[in-house]
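Asks: Provided below are the primary sequence and the corresponding predicted coordinates.
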Amino acid sequence: MNNIDAKTHVRGQSIYLDDIPVIQGTLYAACFDSPMAHGVIKQLDISIAEQSKGVIKVITYKNIMGENQIGGIIPDEPLLAEHHVHFCGMPIALVIAETDEDARAAVKKIKVDIDPLPIITDARAAAAKGELIVPPRKFKLGDTTKAWNECAYIFEGTTETNGQEHLYIETQGAYAVPQENNSIKIYSSTQGPTAVQKTVSKVTGLAMHQIEIDVTRLGGGFGGKEDQANTWAALCAVAAHILKRPVKYALHRMEDMRMTGKRHPYSSDFRIGLNKDLKIMAYEATFYQNAGAAADLSSAVLERTLFHCTNSYYIPNVTATAYSCRTNLPPNTAFRGFGGPQGMFVIEAAIAKAADKLGIDKTVIQQKNLLQTDNELPYGQKLVSEAHECWNKADELYNIDKIKNDVENFNKKNNLYKKGMALMPICFGISFTNTMMNHARSLVHVYSDGSVNISTGAVEMGQGVNTKILQVAAQIFSINPNKIKINTTNTFRIANTSPSAASATADLNGKATLIACTEILNRLKQLTAEELKVDVTSIQLKNEKIIVDGKETELDWQKLVMLAFTKRVSLSEHAHYATPEIYFDKTKEKGHPFAYHVYGTAIITTTIDCLRGTYEVDSVKVVHDFGSSINKAIDLGQIEGGIVQGIGWMTMEEIIYDKDGKLRSNALSTYKVPDIYSVPKEMIIHFLHTDKDNLAIFKSKAVGEPPLMYGIGAYFALCDAIKAFNPSADIKFDAPMTPEKVLLNLYKKNSIAVSGVPIAHQV
Ligand code: LUZ
Ligand code: MOS
């Protein structure tokens, strides 16, 4: 089935926040944000701005009627700065004017005098000063201290992964419209309508039942709108509540890039030990997460780093420690993979280092250590499926040795172009790691004409979740999909939602929809049994026909629905789904946090131009475990998009803050994202159909985040190509591998010391 949004998307008719027709009297907001990364506000002068053309009011923290607090997990983030500023881009004041242009012109007339305080931009520097967002977390399996003695080889090193700008095509924004009796309706470009509702409740002092959040769809989220859509909605709500007029704020791209957090950069240490047979016996990793100036979702992201620190490998002895470090950068936040990719990069780097020092192929160590059924992960969950299934299938379909030989042959024949290859297996846990978030609701109405309207907590952000939910209902009722409409996501229809995140949205909301539809279906069958005087078990609804004992009856869907209506049978249902089986004990750091895991293996080949350092990704060949995909077109789109986004993170997207904490890569001229020319020349995705029992909706496994991590393979494929040209290059694990870094590595002599990187030693 096609994505139900396809037609309006290509015709430009889909409605995003900025497309909502504005109500007469709407005002426009613009933010004045801190020009300094850390300091004490001595004086804030808004007087000239207040007199500026079209300005209605300039709002500061003093005008906030509720709490000046938007921290979700930890209350450590004011909506508007009071006396301190903690990062460049921190909102200080909000100008409300008759037009967008007037508001932004007035922002420029605000003056602030800030007494500077020391600025920390580096995670390790923050940790050294004890600037931690939460106490460190430690996951342990076996006993690494003992295990080192069993290792024939031990290697250690340091890795860096940079952040990543979400670059959702639709920037952040909100539109708050006052309603009767002090209520507010807010249109928000958010992944988490309930998070917006709660935040608005806090800052306005209104109860949640007075605050309606409505979301039609987003032009992308990628995690950037899981928590950080709250700010703009809260600012608009405060203004609308004070002025009793609608207030809208849609951020410009540079405002968005400057003021919002990104993927967390990590700086990490690893130590890996292998026995003579190249089995990894021990692994220690320490992660320093750059959280930025406030907690946001950092503690949850940190946790997922630990969950995925051994990726697809079984390692019997693991000690992993993670620090969330407070710096003077915008608070970093959820981003597709949610700390998982950062953890996986480190183990891949450790294996790469071991392979390099031992003079063998990285793939040999990878393959020898792949997870097997019943292996225990460092957090205690045992696996029921196999990671090596995807690897083996990839070998069978694509022939790893042949690809390797082709790369070698090419490299023998070419001096100025070199190819490299890498494999990237993945194993990603599906469920919010915070068990209490794994539930959802669905409200299904069947109208008397037989048409169906469904509301859930799922937010459509281009990932196709609405199409999947529609398919669930169409399948349960066995009716034409064009009889079904998926409604906007609205906190007055569906309450207490978890954000659309963690790849779990279709599972959670799809299952709730399945339960609601089944309930209605059962009522309709019961009615049919009474009406036709047949046994309820003999009744089937198929293609809008009512079948009894395999024979068509006179009843069809439409007639039966009308009959139910006249017989006063309820045609509506509100259902709740909570993921069974999952739990996690944080005091022991053990449990069964995930409903299931998603597996896959990618083979990535790259070609570098050894004169210029530029490169292309030639090919990405994947075997991905979809379970039983309910929508191959949508799932393929998620895989391809995820791969390109992952490659972008690993190769070209480079966020640069200067030492004053100012974002230098603050526009698309200085921050390079993949375009059509940087997409791999070939992407082959094999759908591995697995029919094992799992908790996915119709066994169609979650697909949102896992494919991003295939992109990590591009980094190591580039390293492989560099080595083909400069075998002695001691490549620092420092992503992204930009063309500049490739060039430096191509001509770097081994003897050049790389500062801060411990030299590997062999025991
Ligand atoms: N968000 C969240 C997530 O709050 N918890 C999670 O475990 C998660 N995982 C992936 C992406 N977003
Ligand atoms: Mo996300 S990183 O699933 O909002």
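Replies: Yep, it's here. Ligands and ions are numbered 1, 2, ... in the order given.
Asks: Nearest residue to Met344 in space, please, no chain neighbours.
Replies: Nearest residue to Met344, sequence neighbours excluded (CB to CB, 6 or more residues apart in numbering): Asn311, at 4.4 Å. Quick note: C-beta positions are derived from backbone N, CA and C, even for glycine.
Asks: can you give me the strands in the stretch 401-550 of the chain?
Replies: Remark: strands assigned in the stretch 401-550 of the chain by DSSP state E, counting those that start in this stretch are 417-430, 439-446, 452-456, 484-486, 489-490, 539-542, 545-548.
Asks: nope, the stretch 651-763 of the chain is what I meant
Replies: Applying DSSP E, counting those that start in this stretch to the stretch 651-763 of the chain gives strands spanning 682-689, 733-735.
Asks: Of the strands of the stretch 401-550 of the chain, which is nearest Ala595?
Replies: Closest approach to Ala595 among the strands of the stretch 401-550 of the chain is made by strand 417-430 (5.4 Å; CB to CB).
Asks: which strands and helices sit next to that closest one?
Replies: helix 340-358, helix 362-368, helix 387-398, helix 400-413, strand 596-609, helix 712-725 (3 or more CB pairs under 8 Å, 6 or more residues apart in numbering; DSSP states H and E).
Asks: would a markdown table of those with mean pLDDT be doable?
Replies: Converted to a markdown table, the helices and strands packed on strand 417-430 look like this (pLDDT from 0 to 100):
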| stretch | mean pLDDT |
| --- | --- |
| helix 340-358 | 98 |
| helix 362-368 | 98 |
| helix 387-398 | 96 |
| helix 400-413 | 98 |
| strand 596-609 | 98 |
| helix 712-725 | 98 |
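Asks: Of all the ones you listed, which one is nearest Ser478?
Replies: Nearest of the helices and strands packed on strand 417-430 to Ser478, taken as CB to CB: strand 596-609 at 27.2 Å.
Asks: C-terminal to that closest one, what's the next element?
Replies: Next along the chain after strand 596-609, taking DSSP states H and E as the criterion, comes strand 615-627.
Asks: Let me see the mean pLDDT of that next one.
Replies: Confidence over strand 615-627, taken as the mean pLDDT, stands at 98.
Asks: ditto for stretch 664-673
Replies: Mean predicted confidence for stretch 664-673 is 97.
Asks: pretty sure Thr489 contacts Ile454?
Replies: No. Counting by CB atoms under 8 Å, Thr489 sits too far from Ile454 to count as a contact (10.9 Å).
Asks: neighbour-wise, which of the two wins?
Replies: Neighbours were counted for Thr489 and for Ile454 using other CB atoms under 10 Å; Thr489 has more, 30 against 25.
Asks: Please name the nearest non-neighbouring residue to the more buried one.
Replies: Val215 is the one closest to Thr489 (CB to CB, 6+ apart), at 4.4 Å.
Asks: State the number of residues packed around the one you found.
Replies: Close neighbours of Val215, defined as other CB under 10 Å, add up to 26.
Asks: which one of the helices and strands packed on strand 417-430 lies closest to ligand 2?
Replies: Among those, the nearest to ligand 2 by CB to the nearest ligand atom is helix 340-358 (9.1 Å).
Asks: can you tell me if the closest one touches ligand 1.
Replies: No. Applying CB under 6 Å from any ligand atom, one finds helix 340-358 separated from ligand 1 by no less than 7.3 Å.
Asks: What are the buried residues along that helix?
Replies: Neighbour-count burial for helix 340-358, counted by 16 or more other CB atoms under 10 Å, picks out 340-356, 358.
Asks: Same question for stretch 609-629.
Replies: By 16+ other CB under 10 Å, the buried positions in stretch 609-629 come out as 609-610, 613, 615-627, 629.
Asks: How about the residues of the chain by ligand 1?
Replies: So far as CB under 6 Å from any ligand atom goes, the chain lies against ligand 1 at 223, 226, 297, 300, 304, 334, 338, 432-434, 501-502.
Asks: quick one: which two of those are the most distant?
Replies: Maximum pairwise distance in the residues of the chain next to ligand 1, criterion CB to CB, is 15.0 Å, between Gly223 and Asn434.
Asks: Which residue of these two possesses the greater neighbour count?
Replies: Legend: neighbour count by other CB under 10 Å for Gly223 and Asn434, higher for Gly223 (27 against 16).
Asks: Can you convert the strands of the stretch 651-763 of the chain into a markdown table and add a column each for mean pLDDT and mean neighbour count?
Replies: Shown next, in a markdown table, are the strands of the stretch 651-763 of the chain (pLDDT from 0 to 100; neighbours: other CB atoms under 10 Å):
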| stretch | mean pLDDT | mean neighbour count |
| --- | --- | --- |
| strand 682-689 | 97 | 16 |
| strand 733-735 | 98 | 23 |
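Asks: Between those, which one is closest to Glu376.
Replies: strand 682-689 (23.6 Å).
Asks: Pairing partners for the closest one, with directions?
Replies: Sheet pairing of strand 682-689 (DSSP bridges) gives strand 615-627 (parallel).
Asks: Mind exporting the C-alpha coordinates of the partner strand to PDB?
Replies: The C-alpha coordinates for strand 615-627 follow below in PDB (Å, rounded to 0.1, in the frame of the first residue of the first chain):
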ATOM      1  CA  TYR A 615      35.400  10.100  -1.700                       C
ATOM      2  CA  GLU A 616      32.200   8.300  -2.800                       C
ATOM      3  CA  VAL A 617      30.300   5.500  -1.200                       C
ATOM      4  CA  ASP A 618      30.000   3.000  -4.000                       C
ATOM      5  CA  SER A 619      27.700   0.600  -2.500                       C
ATOM      6  CA  VAL A 620      25.700  -0.400   0.600                       C
ATOM      7  CA  LYS A 621      24.400  -4.000   0.500                       C
ATOM      8  CA  VAL A 622      22.200  -4.900   3.400                       C
ATOM      9  CA  VAL A 623      20.400  -7.900   4.800                       C
ATOM     10  CA  HIS A 624      17.900  -6.500   7.300                       C
ATOM     11  CA  ASP A 625      15.600  -8.400   9.600                       C
ATOM     12  CA  PHE A 626      12.200  -6.900   9.100                       C
ATOM     13  CA  GLY A 627      10.300  -9.700  10.700                       C
END
